[in-house]
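S.K.: Sharing a model that was predicted from the sequence below.
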Amino acid sequence: MTIQDSVRPEIRQMKGYVSGEQPAFGKFIKLNTNENPFEPSNKVIDAIHDTAAGKLNVYPDAMANSFRIAAAEVLGVDQDWILCGNGSDDLLTIITRTFVSPGSKIRIPYPSYVLYRTLADIQGAAIEEIPFDKNWKLPESFGADDDNLSLVFLPNPNSPSGTVISPEGVLKLANSISCPLVVDEAYADFASANCLHLVKEASNIIVTRTLSKSYGLAGLRFGFAVANPETIAEMQKVKDSYNCDALAIAGATAAISDQHWLQGNIRIVKSLRGVMESELSKLGFDVQPSEANFVWCKHPDFDSKELYDKLKENHILVRYMDYPNWGDGIRISIGTSNQISALITILESIITV
Ligand SMILES: Cc1ncc(COP(=O)(O)O)c(C=O)c1O
């Protein structure tokens with residue numbers, strides 16, 4: 001018997017999630033994983049230093065209560081409506097383990113966040129992908145109820161498109177299904193509306209958020225879920241006992257308490273998004289208007305994979321995505337003004353040859 005024979009069949013057969021390239025620091029302009037191009041608030045760094053200086057010999061607070069108290073104030077919910085995680089990916093895992101029995105079905109839009117399929121595979125659940133139309137609208141069938149449906153994931157804004165479904169549309173969807181609806185709001189801080197308030201209107205809605213994008217803290221690994229306290233209590237049973245470390249809790253608490261920094265950063269990233277969209281359009285790209293910190297685009301005369309390769313040769317990393325039965329394109333994270341200029345200069349040289 002080999003070790004492979006002992007691996008669960010679901011795990012042996014699955015591909016596993018492949019994250020975006022993280023090359024050695026400094027070699028590339030990195031516009032491939034939707035990180036924030038700016039350093040986080042100084043208050044975050046100070047809080048982490050203070051914690052590292054004195055509190056690492058004891059376990060962290062298992063519920064990250066300092067963060068929950070600060071977040072409750074900012075979000076306008078009581079703290080028992082909040083559960084923290086090691087990035088929002090951790091919360092997506094906890095949610096899947098809490099609600100999805102092996103053999104049941106998870107519904108997701110397609111194309112969307114690739115991790116959902118991995119979570120379904122690990123859990124031994126089926127995945128039902130409902131395709132967006134070419135205008136990134138979902139068909140009515142996305143809201144069809146089904147006895148075997150155990151969970152619906154809706155990234156809003158969606159990745160890779162940066163498009164949104166209105167809160168009215170999300171509420172209608174939640175009311176049409178009889179399982180939990182996860183509204184994955186990893187990018188909602190960059191959007192014109194969000195669905196946080198809906199957790200009080202539909203008890204099956206769980207909103208997940210992350211500090212990786214708008215707070216500039218992808219390296220810290222911190223996210224949170226907001227849902228009614230009964231849901232949070234069930235999810236709490238599933239999470240690892242100390243799923244957030246002391247440094248992350250300290251940094252995240254300082255980050256959510258510094259809304260002044262957040263609002264300033266969002267303003268800058270949104271304005272740079274406008275620059276990126278208009279510069280790409282001038283070069284002839286079809287650019288999908290975005291409500292996130294990235295744009296999805298495609299050039300009618302150039303192969304997306306070749307553009308990606310040429311950018312990489314020039315030390316600019318973007319994300320090339322090829323979705324079977326859908327099509328391909330390039331997703332580009334919003335960078336600093338200098339990074340956008342460098343990107344546009346290289347693209348210009350490729351396109352105008
Ligand atoms: C739609 C979506 N949800 C969740 C995440 C995970 O974010 P985190 O860094 O909080 O795990 C990402 C990361 O890129 C994402 O694109």
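M.R.: Looks like it arrived, so ask away.
S.K.: pLDDT below threshold where in the stretch 1-150 of the chain?
M.R.: 24-26 (pLDDT under 70).
S.K.: what's in contact with the host helix or strand of Ser349?
M.R.: Using DSSP states H and E, Ser349 maps to helix 337-351. Contacting residues not belonging to helix 337-351 are listed as 29, 31, 37, 272, 275-276, 279-280, 283-284, 299, 301-302, 307, 310-311, 314, 316, 318, 332, 334-335 [CB atoms under 8 Å, 6 or more residues apart in numbering]. Just so you know, the C-beta spots here come from the backbone N, C-alpha and C atoms, and that holds for glycine as well.
S.K.: Neighbours of Val100, how many?
M.R.: 23 (other CB atoms under 10 Å).
S.K.: just Asn42 next, same as before
M.R.: 11.
S.K.: What separation do you get for it and His49?
M.R.: Distance, Asn42 to His49, by CB to CB, to the nearest Å: 10 Å.
S.K.: and if you look at Asn265?
M.R.: As judged by CB to CB, Asn265 and His49 stand 21 Å apart.
S.K.: and what of Leu151?
M.R.: In terms of CB to CB, Leu151 sits 40 Å off from His49.
S.K.: Looking at these two, which has the bigger crowd around it?
M.R.: More crowded of Leu151 and His49, by other CB under 10 Å: Leu151, with 27 against 13.
S.K.: Need the three-state assignment for that one.
M.R.: At Leu151 the chain is in strand, as set by DSSP: H, G, I helix; E, B strand; the rest coil.
S.K.: For this protein, just list every one of the strands.
M.R.: Per DSSP state E, the chain carries strands over the ranges 29-30, 82-85, 105-110, 126-131, 149-155, 181-184, 205-210, 223-226, 286-288, 294-298, 316-317, 319-323, 327-333.
S.K.: The ones you listed: which one's closest to Glu73?
M.R.: With distances scored as CB to CB, the stretch of those nearest to Glu73 is strand 82-85 (11.0 Å).
S.K.: helices or strands up against that closest one?
M.R.: helix 65-75, helix 88-99, strand 223-226, helix 229-238 (3 or more CB pairs under 8 Å, 6 or more residues apart in numbering; DSSP states H and E).
S.K.: isn't Trp326 right next to Glu129, touching?
M.R.: No. Using CB atoms under 8 Å, Trp326 is not in contact with Glu129; the gap is 9.5 Å.
S.K.: Show me the common contact partners of those two, please.
M.R.: With CB under 8 Å, 6+ apart, Trp326 and Glu129 have common neighbours Tyr110.
S.K.: Give me the buried subset of the contacts of helix 337-351.
M.R.: 29, 31, 37, 272, 276, 279-280, 283, 299, 302, 307, 310-311, 314, 316, 318, 332, 334-335 (16 or more other CB atoms under 10 Å).
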